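Visitor: here you go, sequence then predicted model.
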2 protein chains.
Amino acid sequence: MKGKTKDVPQRTLERLTLYRRLLNALHQEGARHIYSHELADMAGRMPAQVRRDLMAVGYAGNPARGYEVEGLIKSMRRFLDKPGGQNVALVGAGNLGKALLAYFKGRRPNLRIVVVFDIDPNKANRLIGGCRCYSPARMAQVMKARDVRVAVLAVPAPAAQEVADQLVAAGVQGILNFAPALLRVPESVYVEDLDMTMALEKVAYFSRRGPARKKVSRGA
Amino acid sequence: MKGKTKDVPQRTLERLTLYRRLLNALHQEGARHIYSHELADMAGRMPAQVRRDLMAVGYAGNPARGYEVEGLIKSMRRFLDKPGGQNVALVGAGNLGKALLAYFKGRRPNLRIVVVFDIDPNKANRLIGGCRCYSPARMAQVMKARDVRVAVLAVPAPAAQEVADQLVAAGVQGILNFAPALLRVPESVYVEDLDMTMALEKVAYFSRRGPARKKVSRGA
DNA sequence: CGCAAACCGTTACGTCAGTCACAGCAAGTA
DNA sequence: TACTTGCTGTGACTGACGTAACGGTTTGCG
Ligand SMILES: NC(=O)c1ccc[n+]([C@@H]2O[C@H](COP(=O)([O-])OP(=O)(O)OC[C@H]3O[C@@H](n4cnc5c(N)ncnc54)[C@H](O)[C@@H]3O)[C@@H](O)[C@H]2O)c1
Ligand SMILES: NC(=O)c1ccc[n+]([C@@H]2O[C@H](COP(=O)([O-])OP(=O)(O)OC[C@H]3O[C@@H](n4cnc5c(N)ncnc54)[C@H](O)[C@@H]3O)[C@@H](O)[C@H]2O)c1
């Protein structure tokens, strides 16, 4: 019973994934120990925040040596990852979808895109970026067979809600949505919106208003 | 004297761009007036928050008819956009860069990608997605000639800092960063990080933890 | 013309995340 | 062994943001 994770704030989780990335790089370079202020520097945060974030994963550091890199990585893996890994589906093999597919190809061992869906008949039943592409009509069937519970949505905005409904019907519990559209899904389904247009407008706006801002970088 | 914009919160600005998108669609459909609770429904927020956000743009609604759509759109344009529009540069014409280029092509009249930079000699001095592609060596020169102050960074992570330095040297004041790397830039430069990997890990994590979450969707 | 209703603008409140500060402790030193 | 040092873990503080509440105002109708 390793439960009792008492709800981690979203921002904290974002930072944890960042820390892990940094730690993996450090481990590659042979580092054995690291202090909170070192991690903080690399992540662009405050040392206290790093320590507080790490409290969530329940790994105790040593006041004299800091955190043991390898052990911390293992702890974070236990905390962040699903033991057997998670299969991910991609819907929409357009420009963005194909870029994502190429990027995630073999990169994340336990967060792998294993199947693609696209309504375009020219794409269905073919291999795209090493993944089998199916017609959305077969979604429920394929998703269940492959035990997919997370999906990336990269279709045009007008089709987004329809696809989301299909995904939910197919048993998906989390959606990474690239379409600029508000998805109506059941409470139990987690949706993360990633709106690039909004992000660009934000940059355009704040880049005009002097340096009066804080250091909240925010991912996704 | 329309100054006195007294620093808008980032989240508010994100929502404003969303409202504007919705309003444009409504205007297309011929809607003339709209209430805060209608906009709120469409945006997935609370009516009070919509009203509060709209305070920032300084457009007054009417208690009986709500907001006048066309006037509000105009006000938001005045508030959000730079009068003559803003030119944007894209650095890195890889899979992601090309997708972005295709997507923004002619879509945003006053936020246009006008130039591309890539270190690949096969791409330099050619047209990519309707944009001239230059070698990074000519960055400062080209950027100044085209008055570009905003850049999208889509190069591999190891090259990100170097490119950021070049961009800053070329006079850029805002960067939309897709690379999973922390950019060190002067205080006056605004950086918005958009980390897709982080977003996907977030979805994978929270999709496993029941429906205990709030309705903070967050863009970018 | 007076009234009722509905919504806007704004102020006040509550909640949550980020920061600070300090107690506790493990290692190194004399 | 006794002491010093510097970092961790954590409670308390602060500030920002979202939420709720309320007075003001404009319209429609009796
Ligand atoms: N740079 C970008 O590409 C970019 C930038 C910002 C936002 N977006 C958003 O990302 C999404 C995808 O962008 P894109 O450039 O890849 O678009 P795209 O037009 O290149 O690709 C869309 C793909 O989705 C498929 N599709 C359409 N309807 C479908 C359905 N009902 N079921 C399954 N597949 C369907 C199409 O066949 C096509 O292959 C869009 O919502 C867009 O607004 C993309
Ligand atoms: N789906 C995706 O494509 C995806 C997903 C998540 C993150 N990212 C991030 O986005 C960035 C770009 O991804 P991509 O898939 O387009 O990569 P890519 O390898 O397809 O393209 C990178 C491009 O950048 C160019 N480049 C390299 N160094 C450069 C330099 N110093 N100056 C100018 N140009 C240079 C290369 O020539 C290439 O054209 C990466 O940092 C990646 O981590 C991409």
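Guide: Arrived safely, thanks for sending. Ligands and ions are numbered 1, 2, ... in the order given.
Visitor: what residues does chain A have near ligand 1?
Guide: Residues of chain A lying close to ligand 1 (C-beta under 6 Å from any ligand atom) are A:91-97, A:117-120, A:136, A:154-157, A:159, A:162-163, A:178-180, A:196-197. For the C-beta atoms, the positions are set from N, CA and C on the backbone; glycine is no exception.
Visitor: show me the contact partners of the host helix or strand of A:A151.
Guide: Element membership of A:A151, judged by DSSP states H and E, is strand A:148-153. Here strand A:148-153 makes contact (C-beta atoms under 8 Å, 6 or more residues apart in numbering or on different chains) with A:86-92, A:97, A:100, A:111, A:113-115, A:142, A:160, A:163-164, A:167, A:170-179, A:183, B:200, B:203-204, B:207.
Visitor: just the buried subset of the residues you listed, please.
Guide: Among the contacts of strand A:148-153, those classed as buried by neighbour count (16 or more other C-beta atoms under 10 Å in any protein chain shown) are A:86-92, A:97, A:100, A:111, A:113-115, A:142, A:160, A:163-164, A:167, A:170, A:172-179, A:183, B:200, B:203-204, B:207.
Visitor: quickly run through the sheet partners of the strand holding A:A151, with directions.
Guide: strand A:86-91 (parallel), strand A:174-177 (parallel) (DSSP bridges).
Visitor: now do the very next helix or strand once past it: which elements does it pack against?
Guide: Next in sequence after strand A:148-153, counting helices and strands by DSSP H and E, comes helix A:157-169. Contacts defined by 3 or more C-beta pairs under 8 Å, 6 or more residues apart in numbering or on different chains; DSSP states H and E place helix A:157-169 against strand A:86-91, helix A:139-146, strand A:148-153, strand A:174-177.
Visitor: adding mean pLDDT and distance to B:E68, write the ones you listed out as TSV.
Guide: Shown next, in TSV, are those (pLDDT from 0 to 100; distance: least, C-beta to C-beta, whole Å):
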stretch	mean pLDDT	distance to B:E68
strand A:86-91	98	38
helix A:139-146	97	43
strand A:148-153	98	34
strand A:174-177	98	31
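Visitor: where do the strands sit along chain A?
Guide: A:33-34, A:67-68, A:86-91, A:111-117, A:127-128, A:131-134, A:148-153, A:174-177, A:190-193 (DSSP state E).
Visitor: residues in contact with the second one?
Guide: With contact meaning C-beta under 8 Å, 6+ apart, strand A:67-68 is reached by A:R32, A:H33, A:I34, A:Y35, A:S36, A:L39, A:L54, A:Y59, A:G61, A:N62.
Visitor: check the first one too.
Guide: The set of residues that contact strand A:33-34 without belonging to it, under C-beta under 8 Å, 6+ apart, is A:L23, A:L26, A:N62, A:R65, A:G66, A:Y67, A:E68, A:V69, A:L72.
Visitor: with the longest one instead?
Guide: The list of residues contacting strand A:111-117 from outside it, by C-beta under 8 Å, 6+ apart, reads A:81, A:85-93, A:97, A:100-101, A:104-105, A:123, A:128-129, A:131-136, A:138-139, A:142-143, A:146, A:148, A:150, A:152, B:200-201, B:204.
Visitor: nearest to B:Q49, out of the helices and strands packed on helix A:157-169?
Guide: strand A:174-177 (20.8 Å; C-beta to C-beta).
Visitor: can you name the residues bridging to A:V148?
Guide: As for beta bridges, A:V148 partners with A:N87 under DSSP bridges.
Visitor: what about it, how many neighbours?
Guide: 22 (other C-beta atoms under 10 Å in any protein chain shown).
Visitor: so what's the residue count around A:E162?
Guide: Neighbours of A:E162 (other C-beta under 10 Å): 12.
Visitor: quick check: domain ranges of chain A?
Guide: For chain A, the structural domains run A:10-80, A:86-198, going by automatic domain parsing.
Visitor: quick one: end-to-end distance for the longest one.
Guide: Chord length of domain A:86-198, first to last residue, is 29 Å (C-alpha to C-alpha, to the nearest Å).
Visitor: ok, now the first one?
Guide: Using C-alpha to C-alpha, the span of domain A:10-80 from its first residue to its last is 12 Å.
Visitor: is it positioned near ligand 2?
Guide: No: Domain A:10-80 lies apart from ligand 2 when judged by C-beta under 6 Å from any ligand atom; the minimum separation is 11.0 Å.
Visitor: tell me how far that domain lies from the chain's centre.
Guide: 18 Å (C-alpha atoms, centre = their mean, to the nearest Å).
Visitor: hmm, it touching DNA strand D?
Guide: Yes: Domain A:10-80 lies within reach of DNA strand D by C-beta under 7 Å from any atom of the strand, at A:35-37, A:47-48, A:51-52, A:54-55, A:59-64, A:66-67.
Visitor: now for A:R138, how many residues are close by?
Guide: A:R138 is flanked by 15 other residues according to other C-beta under 10 Å.
Visitor: next one: it from B:R65, what distance?
Guide: 49 Å (C-beta to C-beta, to the nearest Å).
Visitor: now swap in A:P158 and tell me
Guide: Going from A:P158 to B:R65 by C-beta to C-beta gives 29 Å.
Visitor: ok, A:R20 next?
Guide: Separation of A:R20 from B:R65 (C-beta to C-beta): 52 Å.
Visitor: cool, and A:P180?
Guide: From A:P180 to B:R65 the distance is 28 Å (C-beta to C-beta).
Visitor: quick one: contacts for A:T197?
Guide: Counted by C-beta under 8 Å, 6+ apart, A:T197 has contacts A:P180, B:T17, B:F104, B:R108.
Visitor: in helices only, show me these.
Guide: Among the contacts of A:T197, DSSP state H puts B:T17, B:F104 in helices.
Visitor: among the contacts of A:T197, which pair sits farthest apart?
Guide: Farthest apart among the contacts of A:T197 - using C-beta to C-beta - are B:T17 and B:F104, which lie 14.5 Å from each other.
Visitor: where does chain A have its least confident helix or strand?
Guide: Using mean pLDDT, DSSP states H and E, strand A:127-128 stands out as the lowest-scoring helix or strand of chain A, at a mean of 94.
Visitor: give the partner strands of that strand in its sheet and their orientations.
Guide: By DSSP bridges, strand A:127-128 pairs with strand A:131-134 (antiparallel).
Visitor: distance of the residue of chain A most remote from its centre from chain B?
Guide: Largest separation from the mean C-alpha position in chain A: A:A64, at 33.6 Å (C-alpha atoms, centre = their mean). According to C-beta to the nearest C-beta, to the nearest Å, A:A64 and chain B sit 28 Å apart.
Visitor: now that residue, what are its backbone angles?
Guide: phi -100, psi -30 (degrees, to the nearest 10).
Visitor: ok, A:Y35 next?
Guide: phi -100, psi 160.
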